[in-house]
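[1] 3D, please:
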Amino acid sequence: KKKKEETLKRLANKMADNVVRFKKVIKLEPMSAYERMIIHTEIAKRNDVITESIGVEPRRRVVIKLKR
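    Numbers count the residues shown, from 1 in each chain. Next up, the predicted model:
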């Protein structure tokens, strides 16, 4: 479980860096509520991007965008 969290945190930051670099919105793959929470929590530590969840279970996914 810990390893999964670390992997998700790395993914979150890598994708957030891409959002900043390319100034494009990135939609992640659909994931569980628990996995989305880890992504949201990790991105919340940054002040350059924001996240939101879109869609309906089980296809709900995180979207990462530039903070205006």
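[2] looking at this structure, which helix is longest?
    helix 2-22 (DSSP state H).
[3] please save the CA atoms from that helix in CSV.
    Written as CSV, here are the backbone C-alpha positions of helix 2-22 (Å, rounded to 0.1, in the frame of the first residue of the first chain):
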residue,chain,number,x,y,z
LYS,A,2,2.8,2.4,0.9
LYS,A,3,4.6,1.6,-2.4
LYS,A,4,1.3,2.4,-4.3
GLU,A,5,1.1,5.7,-2.5
GLU,A,6,4.6,6.7,-3.4
THR,A,7,4.0,5.7,-7.1
LEU,A,8,0.8,7.8,-7.2
LYS,A,9,2.6,10.8,-5.6
ARG,A,10,5.4,10.6,-8.1
LEU,A,11,2.8,10.4,-10.9
ALA,A,12,1.0,13.4,-9.5
ASN,A,13,4.1,15.6,-9.5
LYS,A,14,5.3,14.4,-12.9
MET,A,15,1.9,15.2,-14.5
ALA,A,16,1.7,18.5,-12.6
ASP,A,17,5.2,19.4,-14.0
ASN,A,18,3.9,18.6,-17.5
VAL,A,19,0.8,20.8,-17.0
VAL,A,20,3.1,23.7,-16.0
ARG,A,21,5.6,23.0,-18.8
PHE,A,22,3.1,22.7,-21.6
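[4] buried ones in it?
    Across helix 2-22, burial judged by 16 or more other CB atoms under 10 Å covers 8, 9, 11, 12, 13, 15, 16, 19. C-beta here means a position set from N, CA and C on the backbone, and glycine is covered the same way.
[5] OK, contacts around the last one?
    Looking back up the chat, that one is residue 19. By CB atoms under 8 Å, 6 or more residues apart in numbering, the residues touching residue 19 are 25, 26, 49, 64, 65, 66.
[6] how close does the third one sit to residue 15?
    The spacing between residue 49 and residue 15, counted by CB to CB, to the nearest Å, is 9 Å.
[7] okay, and the common contacts of these two?
    residue 64.
[8] ramachandran angles for the nearest residue to residue 25 once chain neighbours are set aside?
    With CB to CB, 6 or more residues apart in numbering as the criterion, residue 25 has its nearest non-adjacent residue at 4.9 Å, and that residue is residue 65. Main-chain dihedrals, residue 65, degrees, to the nearest 10: phi -130, psi 160.
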